[in-house]
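Colleague: turn this into a structure:
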Amino acid sequence: MVDSLDEMKFCPVHPTEEEKRPIVSIGAGGIVNDCHYPAYKLAGYSVIGLFDLKPERAQMMAEKFGVPTVCPTIDDAVKLAQDNGAIFDIAVPASRIPSVLEHIPDGSATLIQKPMGENIQQARKILDMVHEKHLTAGINFQLRDAPYIIAAKQMVDKGLLGTIVDMEVRETVFTPWNLWDFLYKVDRMEINYHSIHWVDMIRYFLGDPTGVWCKTMKHPEMDGLAQVKSNIIMDYGDYLRAGIISNHNHKYGLDEQECFIKIEGTKGCIKVTTGVYLDYPKGKPDVFKYNLLEDGKGWRTLDVHGSWFPEAFVGTMGGLMKKVADPNYHYINNIDDAYKTMCVCEACYESSAHGETPVEYE
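Modeller: The predicted structure is shown next:
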């Protein structure tokens, strides 16, 4: 059974040439520069136009990535997309998502950068607008599409780990939050803009928790930010532990920095070092290790090519292209599932303020 690992494909979802659609971007900030456009170039996706509120930013991005059309207004971007059957790639501050969706024509396809609003009320409004406008929409929770998560999910689904009994994310790093000025203006920071990825990933493996215990906190040297560290426990009953510990204030060098995902089952264990956050933004190599009790070979390293950035962004857009081509395609980043991740995050903030809180999905 272990030999079957060699036959697994750990690449993000990639559409066929017939399934590919052109892309029009609304918003061209740092995440587009660092992740969206490098991933689209890697995958051979065609970005035919972009719009940004800052014309000089839009022009710079167009020149850097060879985007042929800079749209002077959002309505010009919409017309370009309509004329070419393009998918909208929306990457704007979370609070602005509803106002952008008002411009998107009914029946269109759109990928929306996370988070899905700043709070559950905005998330619900976004979800309702998508349904009312009959949009084919996804939220860019791209960690699900990282090659090492694809590998881990395949191993879990094949039963190689047995029954999952423990899932843990532990992060002790130093994050230079000053790279993202807009984060100093939001009321909900660490979970909404960072640990939300871990929450979504755990949901992807384990399903919906019944409740959460959470505390998210500030740091005296980063007092301008709403929160910079969090402890989260997700409730999956009496036998399965799932938790996240995120500390972004470890300023004591690389020797004791760590960032890993660990999944333990009754028959095996996976531990993935997620190198992107070590010595950020330089990063360190990812390492995928596993131990299967039945073969007695101990800990081994699995060769997984590609990382979270930018490769995972290939999959979130590629899956949406496949969904547009085939409405029956199971798109793992669909907006209805993403809304449940926002429900869990809302419960985390409520728990941080008031104690253990059930997750309200309706």
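Colleague: list the buried residues for stretch 86-95?
Modeller: 86-92, 94 (16 or more other Cβ atoms under 10 Å). (Glycine included, C-beta is placed from N, CA and C.)
Colleague: those residues in helices, which ones?
Modeller: Among those, DSSP state H puts none in helices.
Colleague: columns pLDDT on top of those residues, output as JSON lines?
Modeller: Formatted as JSON lines, the buried residues of stretch 86-95 follow (pLDDT from 0 to 100):
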{"residue": "86", "pLDDT": "98"}
{"residue": "87", "pLDDT": "98"}
{"residue": "88", "pLDDT": "98"}
{"residue": "89", "pLDDT": "98"}
{"residue": "90", "pLDDT": "98"}
{"residue": "91", "pLDDT": "98"}
{"residue": "92", "pLDDT": "96"}
{"residue": "94", "pLDDT": "95"}
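Colleague: inside strands: which ones of those?
Modeller: Using DSSP state E, 87-90 are the members of those that sit in strands.
Colleague: farthest-apart pair in those, please.
Modeller: 87 and 90 (10.1 Å; Cβ to Cβ).
Colleague: give me the common contacts of the two.
Modeller: 110-111 (Cβ atoms under 8 Å, 6 or more residues apart in numbering).
Colleague: helices along the stretch 151-300 of the chain, start to end?
Modeller: Under the criterion DSSP state H, counting those that start in this stretch, the stretch 151-300 of the chain contains helices at 190, 196-206.
Colleague: JSON lines for these, including mean neighbour count, distance to residue 295 and mean pLDDT?
Modeller: Formatted as JSON lines, the helices of the stretch 151-300 of the chain follow (neighbours: other Cβ atoms under 10 Å; distance: least, Cβ to Cβ, whole Å; pLDDT from 0 to 100):
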{"stretch": "helix 190", "mean neighbour count": "23", "distance to residue 295": "40", "mean pLDDT": "97"}
{"stretch": "helix 196-206", "mean neighbour count": "22", "distance to residue 295": "22", "mean pLDDT": "98"}
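Colleague: so which of these comes closest to residue 134?
Modeller: If we rank the helices of the stretch 151-300 of the chain by Cβ to Cβ, the stretch that ends up nearest is helix 196-206, at 24.7 Å.
Colleague: and the closest one, what does it pack against?
Modeller: When contacts are defined as 3 or more Cβ pairs under 8 Å, 6 or more residues apart in numbering; DSSP states H and E, helix 196-206 packs onto helix 147-157, strand 164-172, strand 229-235, strand 241-247, strand 258-265, helix 335-354.
Colleague: next, format those as JSON lines and append distance to residue 140 and mean pLDDT.
Modeller: Output for the helices and strands packed on helix 196-206, formatted as JSON lines (distance: least, Cβ to Cβ, whole Å; pLDDT from 0 to 100):
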{"stretch": "helix 147-157", "distance to residue 140": "14", "mean pLDDT": "96"}
{"stretch": "strand 164-172", "distance to residue 140": "19", "mean pLDDT": "98"}
{"stretch": "strand 229-235", "distance to residue 140": "21", "mean pLDDT": "98"}
{"stretch": "strand 241-247", "distance to residue 140": "20", "mean pLDDT": "98"}
{"stretch": "strand 258-265", "distance to residue 140": "19", "mean pLDDT": "98"}
{"stretch": "helix 335-354", "distance to residue 140": "9", "mean pLDDT": "97"}
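Colleague: which secondary structure element of this structure has the lowest mean pLDDT?
Modeller: strand 357-358 (a mean of 74; mean pLDDT, DSSP states H and E).
Colleague: so which of the buried residues of stretch 86-95 is the closest to residue 157?
Modeller: Checking the buried residues of stretch 86-95 one by one against residue 157 (Cβ to Cβ), the nearest turns out to be residue 87, at 28.3 Å.
Colleague: looking at it, residue 202 is touching residue 240, isn't it?
Modeller: No. In this structure residue 202 lies outside contact range of residue 240 using Cβ atoms under 8 Å: 10.5 Å.
Colleague: need the residues touching each of those two.
Modeller: Joint contacts of residue 202 and residue 240 (Cβ under 8 Å, 6+ apart) are residue 167.
Colleague: looking at the ones in strands among the buried residues of stretch 86-95, which one is closest to residue 113?
Modeller: residue 90 (6.4 Å).
Colleague: what about the closest one, distance to residue 100?
Modeller: 6 Å (Cβ to Cβ, to the nearest Å).
Colleague: now do residue 186
Modeller: 18 Å.
Colleague: quick one: furthest residue from the center of this protein?
Modeller: residue 296 (34.8 Å; Cα atoms, centre = their mean).
Colleague: that one and residue 268, how far apart?
Modeller: Taken as Cβ to Cβ, the span from residue 296 to residue 268 is 11 Å.
Colleague: now do residue 132
Modeller: 45 Å.
Colleague: more crowded one of these two?
Modeller: Neighbour count, other Cβ atoms under 10 Å: between residue 132 and residue 268, residue 268 has more, with 21 against 10.
Colleague: surely residue 129 and residue 100 touch.
Modeller: No. Between residue 129 and residue 100 no contact is recorded; they are 10.0 Å apart, counting by Cβ under 8 Å.
Colleague: and those two? Which one has more around it.
Modeller: Neighbours around residue 129 and residue 100, counted as other Cβ under 10 Å, are more numerous at residue 100. The numbers are 22 against 16.
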